[in-house]
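Asks: Okay, structure incoming, though there's no sequence with it:
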């Protein structure tokens, strides 16, 4: 994990420090509320889940802002690493039942994407 973060360029670090734009902020809030309802999060869990979502949204924005642009493969690999890191953090916040439910929801959402949407996400 530390190695992946060390590879971030200066533009990525700067992008992480700025606040999320309104659309990303709205997504973080809506996603947290959805998880709160579906997983029955406690107040402390809800705050931690929101923090995780915000931090990883910033990290993903930073990847997209990388100069020079990353290849599709590099973007896919780095995004996968970010998701794995996020998953580890989520596992530490959620109880076993909540995590299993969250993981199933996440897997279902990805499996329902069309090939075209999956390509759009890569870019």
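Replies: Perfect, I can see it now. Keep in mind that this is a model prediction, so the values were computed, not measured.

Asks: all contacts plus neighbour counts: C-alpha atoms, from now on.
Replies: OK.

Asks: quick one: which helix or strand includes the residue nearest to residue 60 when sequence neighbours are not counted?
Replies: Of all residues not flanking residue 60 in the chain, residue 79 sits nearest, at 7.0 Å (Cα to Cα, 6 or more residues apart in numbering). Assigned by DSSP states H and E, residue 79 belongs to helix 72-93.

Asks: other SSEs contacting that helix?
Replies: helix 43-64, helix 115-122 (3 or more Cα pairs under 8 Å, 6 or more residues apart in numbering; DSSP states H and E).

Asks: and the ones you listed, which is most packed in?
Replies: helix 43-64 (a mean of 18; mean count of other Cα atoms under 10 Å).

Asks: quick one: that one to helix 72-93, angle?
Replies: Here helix 43-64 runs at an angle of 170 degrees relative to helix 72-93 (axes from the mean of the first three to the mean of the last three Cα atoms, to 10 degrees).

Asks: residues of whichever helix or strand comes after the helix holding residue 79 that come out buried?
Replies: Remark: after helix 72-93, the chain's next helix or strand is helix 96-111, criterion DSSP H and E. Buried positions in helix 96-111, judged by neighbour count with 16 or more other Cα atoms under 10 Å: 98, 99, 101, 102.

Asks: List just the nearest of those to residue 20.
Replies: Taking Cα to Cα as the measure, residue 20 lies nearest residue 102 of these, at 23.7 Å.

Asks: So residue 19: helix, strand or coil?
Replies: Using DSSP: H, G, I helix; E, B strand; the rest coil, the structure places residue 19 in coil.
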